[in-house]
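1. Show me the folded form of this:
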Amino acid sequence: MHEMTAMAYHHRTGKVLCSSSVEMENFVGATLKMSCLGYPKIRMYWAQGTRVAAVADVLTRLKSKICPLPPEPQRAAQAKHMPELVNQAPSSLCRNPGCSQRTKFRCTSCNIFLCITSSRSCYKQFHMK
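-> Numbers count the residues shown, from 1 in each chain. Prediction:
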């Protein structure tokens with residue numbers, strides 16, 4: 001959910017959102033509490049007489065911080081080893097030593113298939129050696 005939110009924000013605004021999974025969990029929890037209480041105005045959760053600590057301590061009223069994009073030369077210098085999603089059936093074996101998983105991601109420069117998942121990143125490991 002965190003990754004999808006960051007991607008949607010980037011697609012909508014062109015900016016990179018700096019947040020973590022923990023921040024996303026806190027946000028969802030606080031908004032659930034807010035929906036149960038149902039104050040007529042949102043600022044009441046932070047107001048002195050009606051403050052709700054479970055919401056006010058987790059959510060700030062300030063806009064979230066935005067990570068700056070790296071300079072263009074730095075972004076372009078790393079662009080020769082970009083992952084490419086190849087829609088072929090069946091998927092190919094990952095070429096990272098020690099991995100036997102199947103993947104559909106191929107390095108555009110090396111022309112070899114490497115895993116990119118939330119649990120492992122053979123793509124990153126292979127190119128960092």
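2. beta partners for Thr103?
-> Thr103 has these beta-bridge partners by DSSP bridges: Ser92.
3. Could you report the separation of it from Pro83?
-> 10 Å (C-beta to C-beta, to the nearest Å). Backbone N, C-alpha and C define where each C-beta goes, glycine included.
4. now Arg106
-> Using C-beta to C-beta, one gets 7 Å for the distance from Arg106 to Pro83.
5. Equivalent analysis for Tyr9, please.
-> 21 Å.
6. Give the residues shared as contacts by Arg106 and Pro83.
-> Counting by C-beta atoms under 8 Å, 6 or more residues apart in numbering, the contacts common to Arg106 and Pro83 are Leu114.
7. Just want to know which of the two has more residues nearby.
-> Arg106 (20 against 17; other C-beta atoms under 10 Å).
8. how many neighbours does Tyr39 have?
-> 13.
9. Settle this for me: Met24 is touching Ala6, isn't it.
-> No. With contacts counted by C-beta atoms under 8 Å, Met24 stays clear of Ala6, the gap being 9.2 Å.
10. for the protein, what are the low-confidence residue spans?
-> Scanning the chain for pLDDT under 70 picks out 1-2, 10, 15-17, 61-79, 129.
11. cutoff 90 now
-> Applying pLDDT under 90 to the chain flags residues 1-31, 33-35, 37-48, 51-84, 86-100, 106-114, 117-129.
12. Show me the strands in it, by range?
-> All strands of the chain, identified by DSSP state E, fall at 16-17, 66-67, 83-85, 92-93, 102-103, 105-107.
13. Pairing partners for the third one, with directions?
-> By that I understand strand 83-85. Strand 83-85 is paired, per DSSP bridges, with strand 105-107 (antiparallel).
14. domain assignment for the protein?
-> 2-69, 74-128 (automatic domain parsing).
15. Run a quick neighbour tally on His127.
-> Neighbours of His127 (other C-beta under 10 Å): 16.
16. In the longest helix along the chain, which of the residues would be classed as buried?
-> Assignment by DSSP state H gives helix 21-37 as the longest helix of the chain. Residues 24, 27, 30, 34 are the ones in helix 21-37 that count as buried (16 or more other C-beta atoms under 10 Å).
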